[in-house]
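Predicted model and sequence below, questions to follow.
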Amino acid sequence: MSQSPILERYVSIWKGNNLSKGNQRLLTTALVMIPTLGALRMENAGVVVSFCGAVMGSAIVYIFPALLFLASGGCKSRWERWFNRFLIVFGAAIALVGGSVSLLDAYAPHLLRQ
């Protein structure tokens, strides 16, 4: 069974097939430095921790397993594919809500309380 072209592209990039060593180093450095510089400017590191926990928790529980299952080609039926796609969308929605709530709690807590 063939994978979708978009999924093949992401899997290929994830494996590092389309990136030179210099671009891999640049991407890795940027992925580490951008959040670090942002965290250094904040007075409360708990904001970063809660935001990352909300977003990455959703990704680990819902998004990554569904993506890996789809990429493995283990889908036997159309319903399995649709359910895993639903899990990806659901996980993205939960990550968006969780990340938003963590930021609102830090910067506008009056909006969350009655």
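Sure, I can see it.

and the residue nearest in space to the middle of the chain, what are its phi and psi?
Closest to where the C-alpha atoms of the chain average out (CA atoms, centre = their mean) is A59, at 5.0 Å. Main-chain dihedrals, A59, degrees, to the nearest 10: phi -70, psi -40.

does it really touch I94, like I thought?
No. Look at A59 against I94 with CB atoms under 8 Å: they stay out of range, at 9.5 Å. C-beta here means a position set from N, CA and C on the backbone, and glycine is covered the same way.

counting contacts, what elements does the helix or strand containing L27 pack onto?
Per DSSP states H and E: L27 is located in helix 21-41. Helices and strands in packing contact with helix 21-41 are listed as helix 46-58; criterion 3 or more CB pairs under 8 Å, 6 or more residues apart in numbering; DSSP states H and E.

just how off-centre is the helix it packs on within its chain?
How far helix 46-58 lies from its chain's middle: 11 Å, per CA atoms, centre = their mean, to the nearest Å.

name the helices or strands packed onto it?
Checked by 3+ CB pairs under 8 Å, 6+ apart, helix 46-58 has helix 21-41, helix 78-107 packed alongside it.

low-confidence ranges in the chain?
Applying pLDDT under 70 to the chain flags residues 1-19.

Go again with 90.
Counting by pLDDT under 90, the chain has low-confidence residues at 1-49, 52, 70-76, 106-107, 112-114.

What residues sit buried inside stretch 82-92?
84, 87-88, 91 (16 or more other CB atoms under 10 Å).

try stretch 44-60
47-48, 50-51, 54-55, 58-59.

helix/strand/coil for C75?
coil (DSSP: H, G, I helix; E, B strand; the rest coil).

now do E43
coil.
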